[in-house]
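# Build me a structure from this.
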Amino acid sequence: MSTEQTTAADGFSYTLTRALASPAAKVWQAWTTPEQYARWANADAGSVEMDVRPGGAWKATMVTPDGGRFPLTGSYLKVAENRRLVVGMDVPGKPEPLAMTMELAEQDGHHTQIVLHQTCDTAEERDMAEQGSTMLLDGLSAFLTDEASN
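Residues are numbered from 1 along each chain as shown. This is a model prediction of the structure:
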(Lines give C-alpha, C1' and ligand atoms only; values in the text may rest on other atoms or scores of the structure.)
Protein backbone atom coordinates (compact mmCIF):
# COMPACT_ATOMS: atom_id res chain seq x y z
CA MET A 1 0.00 0.00 0.00
CA SER A 2 1.21 3.47 -0.73
CA THR A 3 -0.07 6.76 0.56
CA GLU A 4 0.50 10.15 -0.95
CA GLN A 5 -0.46 13.37 0.79
CA THR A 6 -0.39 16.65 -1.09
CA THR A 7 -1.55 20.19 -0.57
CA ALA A 8 -3.54 21.40 -3.56
CA ALA A 9 -4.02 25.05 -4.45
CA ASP A 10 -7.66 24.84 -3.38
CA GLY A 11 -7.29 22.61 -0.34
CA PHE A 12 -5.64 19.56 1.15
CA SER A 13 -5.61 16.21 -0.65
CA TYR A 14 -4.71 12.62 -0.02
CA THR A 15 -4.40 9.62 -2.30
CA LEU A 16 -4.40 6.03 -1.05
CA THR A 17 -3.45 3.14 -3.32
CA ARG A 18 -3.78 -0.53 -2.53
CA ALA A 19 -3.48 -3.80 -4.46
CA LEU A 20 -6.36 -6.20 -3.86
CA ALA A 21 -6.37 -9.92 -4.68
CA SER A 22 -9.79 -9.77 -6.37
CA PRO A 23 -11.09 -8.87 -9.82
CA ALA A 24 -12.51 -5.36 -10.26
CA ALA A 25 -16.09 -6.67 -10.55
CA LYS A 26 -15.88 -8.23 -7.06
CA VAL A 27 -14.38 -5.07 -5.59
CA TRP A 28 -17.11 -3.00 -7.24
CA GLN A 29 -19.82 -5.33 -5.94
CA ALA A 30 -18.42 -5.16 -2.41
CA TRP A 31 -18.44 -1.34 -2.56
CA THR A 32 -21.88 -0.93 -4.17
CA THR A 33 -24.04 -3.67 -2.61
CA PRO A 34 -25.61 -2.58 0.70
CA GLU A 35 -25.33 -5.98 2.40
CA GLN A 36 -21.68 -6.42 1.45
CA TYR A 37 -20.76 -2.81 2.22
CA ALA A 38 -22.26 -3.08 5.71
CA ARG A 39 -20.14 -6.17 6.42
CA TRP A 40 -16.76 -4.56 5.72
CA ALA A 41 -17.29 -0.82 6.26
CA ASN A 42 -18.41 -0.95 9.92
CA ALA A 43 -21.94 0.12 9.06
CA ASP A 44 -25.13 -0.86 10.85
CA ALA A 45 -26.43 -3.73 8.69
CA GLY A 46 -29.96 -2.40 8.14
CA SER A 47 -28.89 1.21 7.67
CA VAL A 48 -27.19 1.03 4.27
CA GLU A 49 -29.15 2.18 1.22
CA MET A 50 -27.57 2.70 -2.20
CA ASP A 51 -28.97 3.95 -5.50
CA VAL A 52 -25.75 3.58 -7.50
CA ARG A 53 -26.29 5.88 -10.48
CA PRO A 54 -25.34 9.52 -11.11
CA GLY A 55 -27.54 11.58 -8.79
CA GLY A 56 -28.63 8.52 -6.81
CA ALA A 57 -28.65 8.80 -3.02
CA TRP A 58 -26.87 6.70 -0.43
CA LYS A 59 -26.96 6.55 3.35
CA ALA A 60 -25.38 4.50 6.10
CA THR A 61 -25.01 4.62 9.85
CA MET A 62 -21.40 3.96 10.71
CA VAL A 63 -20.39 2.24 13.95
CA THR A 64 -17.19 3.36 15.67
CA PRO A 65 -14.91 0.91 17.51
CA ASP A 66 -16.27 2.21 20.84
CA GLY A 67 -19.88 1.54 19.74
CA GLY A 68 -20.81 5.09 18.77
CA ARG A 69 -23.09 5.53 15.77
CA PHE A 70 -23.17 8.36 13.28
CA PRO A 71 -25.34 8.68 10.18
CA LEU A 72 -23.87 9.60 6.80
CA THR A 73 -25.73 10.65 3.66
CA GLY A 74 -24.79 11.69 0.17
CA SER A 75 -25.14 11.00 -3.51
CA TYR A 76 -23.25 9.43 -6.37
CA LEU A 77 -21.71 12.10 -8.58
CA LYS A 78 -20.13 9.86 -11.25
CA VAL A 79 -20.52 6.14 -11.89
CA ALA A 80 -18.48 4.03 -14.33
CA GLU A 81 -19.19 0.42 -13.36
CA ASN A 82 -16.15 -1.60 -12.30
CA ARG A 83 -13.88 1.42 -12.96
CA ARG A 84 -14.73 4.68 -11.19
CA LEU A 85 -17.10 5.94 -8.52
CA VAL A 86 -17.27 9.52 -7.29
CA VAL A 87 -19.18 9.65 -4.02
CA GLY A 88 -20.49 12.90 -2.57
CA MET A 89 -20.81 13.09 1.21
CA ASP A 90 -23.14 15.63 2.80
CA VAL A 91 -21.33 17.80 5.34
CA PRO A 92 -23.38 19.98 7.69
CA GLY A 93 -22.74 23.65 7.02
CA LYS A 94 -21.22 23.12 3.57
CA PRO A 95 -23.19 23.94 0.43
CA GLU A 96 -21.49 21.28 -1.72
CA PRO A 97 -20.88 17.63 -0.87
CA LEU A 98 -17.35 16.50 -0.10
CA ALA A 99 -16.36 14.24 -3.01
CA MET A 100 -14.25 11.11 -2.76
CA THR A 101 -13.11 9.32 -5.92
CA MET A 102 -12.61 5.56 -6.01
CA GLU A 103 -10.85 4.19 -9.09
CA LEU A 104 -10.31 0.53 -9.94
CA ALA A 105 -7.71 -0.81 -12.37
CA GLU A 106 -7.84 -4.56 -12.93
CA GLN A 107 -4.34 -6.00 -13.24
CA ASP A 108 -4.68 -9.53 -14.61
CA GLY A 109 -8.25 -10.66 -14.06
CA HIS A 110 -7.44 -11.65 -10.47
CA HIS A 111 -5.97 -8.50 -8.94
CA THR A 112 -7.16 -4.91 -8.80
CA GLN A 113 -5.48 -1.70 -7.86
CA ILE A 114 -7.82 0.61 -5.95
CA VAL A 115 -7.08 4.31 -5.59
CA LEU A 116 -9.00 6.61 -3.26
CA HIS A 117 -8.58 10.36 -3.64
CA GLN A 118 -10.14 13.25 -1.80
CA THR A 119 -9.53 16.99 -1.44
CA CYS A 120 -10.60 18.71 1.76
CA ASP A 121 -10.64 22.32 2.95
CA THR A 122 -8.28 21.94 5.91
CA ALA A 123 -5.43 19.72 7.02
CA GLU A 124 -7.57 18.48 9.92
CA GLU A 125 -10.44 17.47 7.60
CA ARG A 126 -7.96 15.76 5.27
CA ASP A 127 -6.33 13.84 8.10
CA MET A 128 -9.70 12.65 9.44
CA ALA A 129 -10.91 11.68 5.95
CA GLU A 130 -7.66 9.86 5.21
CA GLN A 131 -7.92 7.93 8.47
CA GLY A 132 -11.49 6.92 7.61
CA SER A 133 -10.50 5.91 4.07
CA THR A 134 -7.59 3.84 5.40
CA MET A 135 -10.03 2.03 7.70
CA LEU A 136 -12.34 1.43 4.71
CA LEU A 137 -9.50 -0.07 2.68
CA ASP A 138 -8.44 -2.27 5.61
CA GLY A 139 -12.01 -3.55 6.00
CA LEU A 140 -12.44 -4.07 2.26
CA SER A 141 -9.15 -5.99 2.00
CA ALA A 142 -10.10 -8.28 4.90
CA PHE A 143 -13.61 -8.83 3.49
CA LEU A 144 -12.30 -9.76 0.03
CA THR A 145 -9.71 -12.10 1.53
CA ASP A 146 -12.41 -13.82 3.60
CA GLU A 147 -14.71 -14.10 0.56
CA ALA A 148 -11.93 -15.65 -1.54
CA SER A 149 -11.19 -18.30 1.08
CA ASN A 150 -14.84 -19.38 1.42
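
# When you work out contacts or count neighbours from here on, use the C-alpha atoms and nothing else.
Noted.

# so is residue 26 in a helix, a strand, or just coil?
helix (DSSP: H, G, I helix; E, B strand; the rest coil).

# residues in contact with residue 89?
Taking Cα atoms under 8 Å, 6 or more residues apart in numbering as the criterion, residue 89 is in contact with 72-75, 97-100.

# what about the helices in the chain?
Counting by DSSP state H, the chain has helices at residues 24-32, 34-40, 123-149.

# Can you work out which other helices and strands pack against the last one?
I take that to be helix 123-149. If contacts are counted by 3 or more Cα pairs under 8 Å, 6 or more residues apart in numbering; DSSP states H and E, helix 123-149 sits against strand 11-20, helix 34-40, strand 112-120.

# ok so, going back, for residue 61, find the nearest of the helices of the chain.
Shortest distance between residue 61 and the helices of the chain, using Cα to Cα, is found for helix 34-40: 9.2 Å.

# Show me what the closest one packs onto, helices and strands only.
Using 3+ Cα pairs under 8 Å, 6+ apart: helix 34-40 touches helix 24-32, helix 123-149.

# which one of those helices lies closest to residue 43?
Nearest of these (Cα to Cα): helix 123-149, 10.6 Å.

# Can you give me the buried ones in that closest one?
126-127, 129-130, 133-134, 136-137, 139-141, 143-144 (16 or more other Cα atoms under 10 Å).

# How about stretch 37-50?
Across stretch 37-50, burial judged by 16+ other Cα under 10 Å covers 37-38, 40-45, 47-50.

# For residue 98, which residues are in contact?
Contacts of residue 98 by Cα under 8 Å, 6+ apart are 88-91, 119-120.

# Specify the beta-bridge partners of residue 15.
residue 4, residue 117 (DSSP bridges).

# count of residues packed around it?
The number of residues packed near residue 15 is 19, by other Cα atoms under 10 Å.

# Touching, it and residue 119? I think so.
No. Residue 15 is beyond contact range of residue 119, at 9.0 Å (criterion: Cα atoms under 8 Å).

# and the closest residue to residue 99 other than its chain neighbours, how many residues sit next to it?
Excluding the flanking residues, the one nearest residue 99 by Cα to Cα, 6 or more residues apart in numbering is residue 88, at 4.4 Å. Residues lying near residue 88 (other Cα under 10 Å) number 21.
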